[in-house]
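Student: Structure here, sequence nowhere to be found:
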């Protein structure tokens, strides 16, 4: 079905040149037929000046080398992989539809990737020179969250809530055997994946021990999700710790593979504290853990003995009057068991700090007001570290290099825009994928010593001859505090005429860890905004205070009063628009999802005289119904901050509704549970306010797949019906 749809969309784009986007193209076209040309999965081959990546059909692994003047050649094909697997496992059936896009270079001659076969799944180490399988460890196809040991001989995986380890010989070790579904082992779904948690198991460097999360959520309240596809609707219960209520209890356990001995780290303290920043020492002797209190304003970075579980010492502490938000594990300096990098925003911007394992701060490595967005790698000898960070008031992403000894930092990319970079293992070459508002995509290889640049891809505008995108520009607006510059994006209506009056659609998110306006192709947005502009709307977006990539004080202004300063900034954006002669001040609408749904609802109620139409998807309406980890970070507990919860509660504001409001929710939403929108609808009924409601019975927090066409059409139709005319 997807293939047929793809053919349909492509044929449509060919036949109907220079026409407006279809709703299908507006939904996924930026990732499909209108995706600028690029290279897929670029990676440097270790210890070689060789860049590898997938070809356009995802069937071949290509390579370019400095020695051959960067001429493109084929290194491997999916057929090479299929033949090697068949030779290794003659009784298995493999259907290799593409070269594994998530391949990783394990060493200079070995690739690591996962391949599904029948009836097993394999984690493979593949020799690229001989085109043979060096080793492969199998798990059941349904085995979740597979983690390969560093020596490539074992795989840890999950069977429901329990951990299994498969070895190269086909043996399986049962690490845990808990029958109560409220006991969860090894899962990355701990603390609801806040605090940067993206895994639940960690192998030691020597492959002899497995560290894992053990979560007890038996005491957390069950929350019912109704399954409508049953003959009689059934209940699926999830564990959902609401703000101010009982939360989960988590520990960390070390499993010794040889002895089968289990040691629980002695992370003493309240049972409901949070454990994150989990990191093995390179010598496999110690475990480092960030222990954060439930109030999320006091972090201790602790060191534990992996053999006994004993607490050794607290390396350092971090406190805040608002909140402390650890998001990254420690990064040890290659070849040094005693020094590591720690990322923190404790001094205003998330930056790097060099510590030793005794807890001594060796060097602050921060640079100006740059926010580190991605820690990349080190050069040969680990003299320098490379990272991507912000520039241009958060609009850009640039590459920086910092010398560990002196702390001297150099910005290596200079063209304003968004750079995504891969650094060679010796630190002398970079692959730079770049775009900005006028550049669809450019891929180049640069020698950092000679400054020689080789162009690999220079993408044409993918819309030329197919559709005309309306004009877009980035703007700067002063926040409600009278001093902070905010980044905005305005997309003008198609065939714009400044003498006409146009309706406005404000697209908003506004919450933490999200940035909607960036200096990249399309200005950081998708095609739905352009679709609405083609239909005759001014489409406007503003990243208010509280959003991402601008530093601690910019974000933390939201603490204990979610939505208040955010709305004040959004209204400054509305003032900017109303000052434009081409904006119809009587036809302004707002659309947002999740935190953006909360913002859209709040704006419709608190500024009912301004907003005539709103669409709120998956909206939070009362923060006491949201979960502990996110909700209490920003609002504290309801019993600690009753004024804040009361002032941001949209349920009690329902009588203020004047315009047309459409609320949309997924019935299976485990993030913003449907109770939010149901409570708001009930409040509107009591207040005698008419409100529209639409439910997606099988979807969770986001509407995905083909049904997103339906969602976007519904949103567009709602604005057309009640705002455009």
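Tutor: Received it, and whenever you're ready, just let me know what you need. The shown structure was predicted, so the numbers you read here are calculated from the model rather than taken from an experiment.

Student: any idea how far residue 207 lies from residue 300?
Tutor: In this structure, residue 207 and residue 300 are 29 Å apart, going by CB to CB, to the nearest Å. Quick note: C-beta positions are derived from backbone N, CA and C, even for glycine.

Student: After the lengthiest strand in the chain, which helix or strand is next?
Tutor: Longest strand in the chain, counting residues (DSSP state E): strand 583-593. Next in sequence after strand 583-593, counting helices and strands by DSSP states H and E, comes helix 595-606.

Student: Who are the packing partners of that following helix?
Tutor: Contact analysis of helix 595-606 by 3 or more CB pairs under 8 Å, 6 or more residues apart in numbering; DSSP states H and E lists strand 502-508, helix 564-578, strand 583-593, strand 613-617, strand 660-666 as its packing neighbours.

Student: What lies in contact with the first one?
Tutor: Spelled out, that is strand 502-508. The contact list for strand 502-508 (CB atoms under 8 Å, 6 or more residues apart in numbering) reads 493, 516, 525, 529, 532, 536-542, 570, 573-574, 577, 582-584, 587-592, 596, 599-600, 603, 611, 719, 723-724.

Student: ok, residue 293 touching residue 273?
Tutor: Yes - assessed by CB atoms under 8 Å, residue 293 is found in contact with residue 273 at 5.6 Å.

Student: Which residue of these two possesses the greater neighbour count?
Tutor: The neighbour comparison of residue 293 against residue 273 (other CB atoms under 10 Å) goes to residue 273, with 20 against 16.

Student: residue contacts, that one?
Tutor: Neighbouring residues of residue 273 by CB under 8 Å, 6+ apart: 267, 291, 292, 293, 294.

Student: mind checking how far it is from residue 309?
Tutor: Going from residue 273 to residue 309 by CB to CB gives 16 Å.

Student: So the residue of the chain positioned farthest from its centre: helix, strand or coil?
Tutor: Relative to the centre of the chain, and counting by CA atoms, centre = their mean, the farthest-placed residue is residue 499 at 41.5 Å. Here residue 499 is recorded as coil under DSSP: H, G, I helix; E, B strand; the rest coil.

Student: Between the two ends of stretch 344-360, what distance do you get?
Tutor: The first and last residues of stretch 344-360 sit 15 Å apart, counting by CA to CA, to the nearest Å.

Student: Let me fix that, I meant to ask about stretch 269-278.
Tutor: Start-to-end span of stretch 269-278 (CA to CA) is 17 Å.

Student: now stretch 466-486
Tutor: End-to-end distance for stretch 466-486: 34 Å, by CA to CA.

Student: do stretch 19-38 as well
Tutor: End-to-end distance of stretch 19-38 (CA to CA): 25 Å.

Student: swap in stretch 54-68?
Tutor: Criterion CA to CA; first-to-last residue distance in stretch 54-68 is 19 Å.

Student: same thing with stretch 324-336?
Tutor: Start to finish, the residues bounding stretch 324-336 are 28 Å apart (CA to CA).

Student: Now that stretch: buried residues?
Tutor: Within stretch 324-336, the residues that count as buried by 16 or more other CB atoms under 10 Å are 324, 325, 326, 327, 328, 329, 330, 331, 332, 333.

Student: Could you list the low-pLDDT ranges of this protein?
Tutor: Applying pLDDT under 70 to the chain flags residues 1-18.

Student: My guess is residue 321 contacts residue 297. True?
Tutor: Yes - using CB under 8 Å as the test, residue 321 is close enough to residue 297 to be in contact (7.2 Å).

Student: Between those two, tell me which one has more neighbours.
Tutor: residue 297 (18 against 7).

Student: Contact partners for that one?
Tutor: Counting by CB under 8 Å, 6+ apart, residue 297 touches 319, 320, 321, 322, 323, 324.

Student: Over to residue 271?
Tutor: Per CB under 8 Å, 6+ apart, neighbours of residue 271: residue 249.

Student: switch to 10 Å and redo it
Tutor: Residues in contact with residue 271 (CB atoms under 10 Å, 6 or more residues apart in numbering) are 216, 219, 246, 247, 248, 249, 250, 251, 294.

Student: neighbours around residue 102, how many?
Tutor: Using other CB under 10 Å, residue 102 has 8 other residues around it.

Student: Look up which helix or strand it falls in, please.
Tutor: Element membership of residue 102, judged by DSSP H and E, is empty: it is in no helix or strand.
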